[in-house]
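**Q** Got a predicted structure plus its sequence, pasted below:
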Amino acid sequence: MVVPVAFFAVFFAYPVAAIVARGLDDGGDWQLGRIADVVAQPDIRHVLWFTTWQALVSTALTLLVALPGAYVFARLDFPGKQVLRAVVTVPFVLPTVVVGTAFLALVGRGGLLDELWGVRLDTTVWAILLAHVFFNYAVVVRTVGGLWAQLDPRQEDAARMLGASRLRAWRTVTLPALTPAVAAAALMVFLFTFTSFGVVQILGGPTFSTLEVEIYRQTSDLFDLATAAVLTLVQFAAVGAILAVHAWTVRRRESALRLVDASATAHRPRGAGQWALLAGVLVSVALLVLLPLAVLVQRSLDAPGFSYYRALTSEDGGMFLVPPIDAIGNSLRYAVAATLIAVVIGGLAAAALTRRDAGPLVRGFDALLMLPLGVSAVTVGFGFLIALDEPPLDLRASWIIVPLAQALVGVPFVVRTMLPVLRAVDVRLREAAAVLGASPWRVWREVDLPMVRRALLIAAGFAFAVSLGEFGATVFLARPDNPTLPVAVARLLSRPGELNYGQAMALSTILMVVCAAALLVLERLRGADRTGEF
């Protein structure tokens, strides 16, 4: 635990504490009264209300749309299922700025809906809600569907044999078993929408602002660190409460059920009802997931002769010091370095958390590992600039500062993917190897590693995809001569002009293709084993 604890202390707790202290510490006099003053402001109360309201509605809509999909992916077998599972996961690993770009191409000015019917939804709350459903669809499908696929269908069949209707059997047998998974998925969706940044910034315009967007505005535009520090504390407290409830539901899900092999529960659709449900899910996936991605690709090809893609190779001294196409290489290099860091830190943390004699502090660290997903990435990024500015931690001029920030987001995915597999390893195998004279390192190399090798590759793939799309912290840390893909897309969208818009669409399409390829590889590695869905 020493290395993971030190990593999070130096590169997460210290930068966040530094920016909060910078905002609230006035020459040794802490302005704690500033908290009440900020929260009492009408515009801040409106931001808090909108952040909570849109997160609740986004969560409800996502569950309504995605739960049928969870059933279809869990219990029905159909051609192209593996590919479609990877496709619906693409939005989740895309940077939120690209998600906003895709919906801007669909519902914004000059978008598909505007051209066909004269309908514009950008700068409305509906665009934000739909984009959140698009982004979080895979969270519900994988979290709920992963458990649903492992529930023994014979229990529901037994209820039917005893006279229960199909609805009653599902309501009294399956639903109670799924409730912890549904609650965990709902809390995760609420967490991601509560801290939404790129989607709201692009689609909401000046009218709508979440806590994350307001922290960015107070930090970057107004340089009001005191207000940003208060909002960071408010968000930190809210996220802490959400994660506490999430940890409780996960514990219930892990201990309350007896599960079966997921590969034995799927079957071809039977009857008109299941075929209709499959058709409905495929239509909803086509409209909510595939259509925005397809419009994104189409917009990148609007100009003849791949002009937008060719323009990426030319230098633009006003915005970038290098051609925008260089952002691809930068993003890949940063993502590889971030993945290596995340796998080492996350693997060590997961190994420590599997020990049966782990104390309460170690178990509590499991919940803390999720905090980087909910704490403002803007705060972390700006905190890096403030805190890591003196030797021996003066990293502002070093390229490694970007992968370090990206690795913070990748570590939770590594832990969540590897932990169930490590816990499934029979401890007696390790004990037998130790009795036969194997050192702890050899026990790990010859007992644990062969069993967790595939989970390790899957964890690395998720960390790579998530690092590739990290935006909130990277926007502060990436230098003009080394932009990443998400930063380059955001900067291109911030400038007027058809060429800038087209280049943003082209870069977003490239990033989408890279993420989709990584996810297809993950699906092939995962195969029928659904252990550690997220």
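**A** Sure, I can see it. Numbers count the residues shown, from 1 in each chain.

**Q** Please count neighbours and contacts with C-alpha atoms only from this point.
**A** Noted.

**Q** quick one, what contacts Leu147?
**A** 178, 181 (C-alpha atoms under 8 Å, 6 or more residues apart in numbering).

**Q** Looks to me like it is in a helix.
**A** Yes - according to DSSP: H, G, I helix; E, B strand; the rest coil, the state of Leu147 is that of a helix.

**Q** tell me the pLDDT at it?
**A** Listed pLDDT for Leu147 reads 74.

**Q** same deal with Ala279?
**A** 93.

**Q** just Gly28 next, same as before
**A** 60.

**Q** Could you do Ala377 as well?
**A** Value listed for Ala377 in the pLDDT field: 80.

**Q** give me every residue that touches it.
**A** 472-473.

**Q** Backbone dihedrals for it, please?
**A** phi -70, psi -30 (degrees, to the nearest 10).

**Q** May I see the buried residues of stretch 209-228?
**A** Neighbour counts over stretch 209-228 (16 or more other C-alpha atoms under 10 Å) mark 209-219, 225-228 as buried.

**Q** so how far is the first residue of that stretch from its last?
**A** Distance between the two ends of stretch 209-228: 14 Å, counting by C-alpha to C-alpha, to the nearest Å.

**Q** Can you give the contact residues for that stretch?
**A** 19-20, 22-24, 34, 38, 47-48, 50-51, 194-197, 200-201, 231-232, 235, 376, 378-379.

**Q** Sort out which of those are in helices and list them.
**A** 19-20, 22-24, 34, 38, 47-48, 50-51, 194, 200-201, 231-232, 235, 378-379 (DSSP state H).

**Q** least trustworthy helix or strand in the protein by mean pLDDT?
**A** strand 29-30 (a mean of 63; mean pLDDT, DSSP states H and E).

**Q** Give me the distance from the helix or strand hosting Val144 to the chain's centre.
**A** Taking DSSP states H and E as the criterion, Val144 maps to helix 125-148. Remark: helix 125-148 is offset 11 Å from the chain centroid, using C-alpha atoms, centre = their mean, to the nearest Å.

**Q** So, low pLDDT: which residues of this protein?
**A** The chain contains residues with pLDDT under 70 at 25-32, 246-264, 316-320, 355-364, 367, 374, 424, 523, 525-534.

**Q** Please repeat the previous calculation with a cut-off of 50.
**A** Along the chain, the parts satisfying pLDDT under 50 run over 255-256, 528-534.

**Q** What ranges does it have for its strands?
**A** 25-26, 29-30 (DSSP state E).

**Q** Can you list the buried residues in the helix holding Val144?
**A** For helix 125-148, by 16+ other C-alpha under 10 Å, it's 125-129, 131-148.

**Q** Show me the contact partners of stretch 338-348.
**A** 1, 3-4, 7, 403-404, 406-408, 410-412, 414-415, 418, 456, 459-460, 463-464, 467.

**Q** swap that for stretch 297-313, sorry
**A** Residues contacting stretch 297-313 (C-alpha under 8 Å, 6+ apart): 105, 323-326, 499, 502-507, 509.

**Q** Closest one of the residues you listed to Val443?
**A** When these are ranked by distance to Val443 (C-alpha to C-alpha), Asp326 comes first, at 43.6 Å.

**Q** How about the contacts made by that closest one?
**A** Asp326 neighbours (C-alpha under 8 Å, 6+ apart): 313, 482-483.

**Q** just Gly204 next, same as before
**A** Here Gly204 is in contact with 122-125, 127-128 (C-alpha under 8 Å, 6+ apart).

**Q** Format those as JSON lines; extra columns: distance to Gly111.
**A** Formatted as JSON lines, these follow (distance: C-alpha to C-alpha, whole Å):
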{"residue": "Asp122", "distance to Gly111": "10"}
{"residue": "Thr123", "distance to Gly111": "13"}
{"residue": "Thr124", "distance to Gly111": "15"}
{"residue": "Val125", "distance to Gly111": "17"}
{"residue": "Ala127", "distance to Gly111": "12"}
{"residue": "Ile128", "distance to Gly111": "15"}
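
**Q** measure the closest residue to Thr51 other than its chain neighbours to Leu373 for me?
**A** Once flanking residues are discounted, Thr51 sits nearest to Thr210: 4.8 Å by C-alpha to C-alpha, 6 or more residues apart in numbering. To Leu373, Thr210 is 16 Å away according to C-alpha to C-alpha.

**Q** How about Thr179?
**A** Thr179 is 23 Å from Leu373, by C-alpha to C-alpha.

**Q** same thing with Phe92?
**A** With C-alpha to C-alpha as the criterion, Phe92 and Leu373 are 13 Å apart.

**Q** Repeat that for Phe190.
**A** Distance from Phe190 to Leu373, by C-alpha to C-alpha: 12 Å.

**Q** Looking at those two, which is more packed in?
**A** Applying other C-alpha atoms under 10 Å to Phe190 and Leu373 shows that Phe190 carries more neighbours, namely 25 against 19.

**Q** how about the more buried one, what does it touch?
**A** So Phe190 contacts 55-56, 58-59 (C-alpha under 8 Å, 6+ apart).

**Q** mind giving me TSV with the residues you listed and columns for distance to Arg333 and neighbour count?
**A** Shown next, in TSV, are those (distance: C-alpha to C-alpha, whole Å; neighbours: other C-alpha atoms under 10 Å):
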residue	distance to Arg333	neighbour count
Ala55	34	23
Leu56	37	19
Ser58	34	26
Thr59	34	27
